[in-house]
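In: the amino acid sequence is not available; the structure is as follows:
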């Protein structure tokens, strides 16, 4: 009986030790599963934080509307705290000055539209929106460049996306550049011809006489 009791106690103790050992061995597995779950949740949060194209285009359209209507106050809430901007002359524009600049803008905008939008995420809290902007507008009596490729850097402040930088570059047709270059070359050639005709060669002089001056000059590019 004592022998059976001893065997039974040893069996129970062995079982308990095995159970304890199993629980200890399961801890790394449980921790690994927890870490994997946390990583998955983190990745999901990062992915969901990226703004949609529609959301940023909607913000961009509001900004163009505000420009059209000279609504400078809109930009107080639209621009990020670290906004960087430049005027048409390349001069830095402070965030605090944008509202006044828009309100006093000399542009008259009849219409505008955004097409071909594309969003490039830059981490979880920034994204770049590029689009083709076409407008019917005049600024200081001159037609505004159209179309242009606009680029706006948006950053997340709290739960909102705000503009930290904006830039526009006019879309130029390569054919028109080629035509302009051809016209310029022809004008230069014509100018060289007319100037060459105006050059006066002095008449032969007797030995010791000074030669008469050449009347007119030709640019170096004419090779004269």
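Out: Sure, I can see it. Computed from a predicted structure; not experimentally measured. Numbering: from 1, shown residues only.

In: wait, is residue 146 part of a strand?
Out: No: applying DSSP: H, G, I helix; E, B strand; the rest coil, one finds residue 146 to be coil, outside a strand.

In: give me the contacts around stretch 136-145.
Out: By C-beta atoms under 8 Å, 6 or more residues apart in numbering, the residues outside stretch 136-145 that reach it are 105-112, 135, 146, 168, 170. C-betas here are computed from N, CA, C, even on glycine.

In: repeat that with 10 Å
Out: Residues outside stretch 136-145 that contact it (C-beta atoms under 10 Å, 6 or more residues apart in numbering): 67-68, 88, 105-113, 133, 135, 146, 168-172.

In: next helix or strand past the helix or strand bottoming out on mean pLDDT in the chain?
Out: Ranked by mean pLDDT, DSSP states H and E, the weakest helix or strand in the chain is helix 2-49, scoring a mean of 48. Counting by DSSP states H and E, the element after helix 2-49 in chain order, helix or strand, is helix 53-68.

In: give the buried residues for stretch 72-82.
Out: 72, 74-75, 78-80 (16 or more other C-beta atoms under 10 Å).

In: same check, this time on stretch 139-150
Out: So for stretch 139-150, counting by 16+ other C-beta under 10 Å, buried means 144, 147-148, 150.

In: distance to residue 163 and pLDDT added to the residues you listed, as CSV?
Out: Listed next are the buried residues of stretch 139-150 as CSV, based on distance: C-beta to C-beta, whole Å; pLDDT from 0 to 100:
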residue, distance to residue 163, pLDDT
144, 20, 93
147, 20, 96
148, 16, 96
150, 11, 96
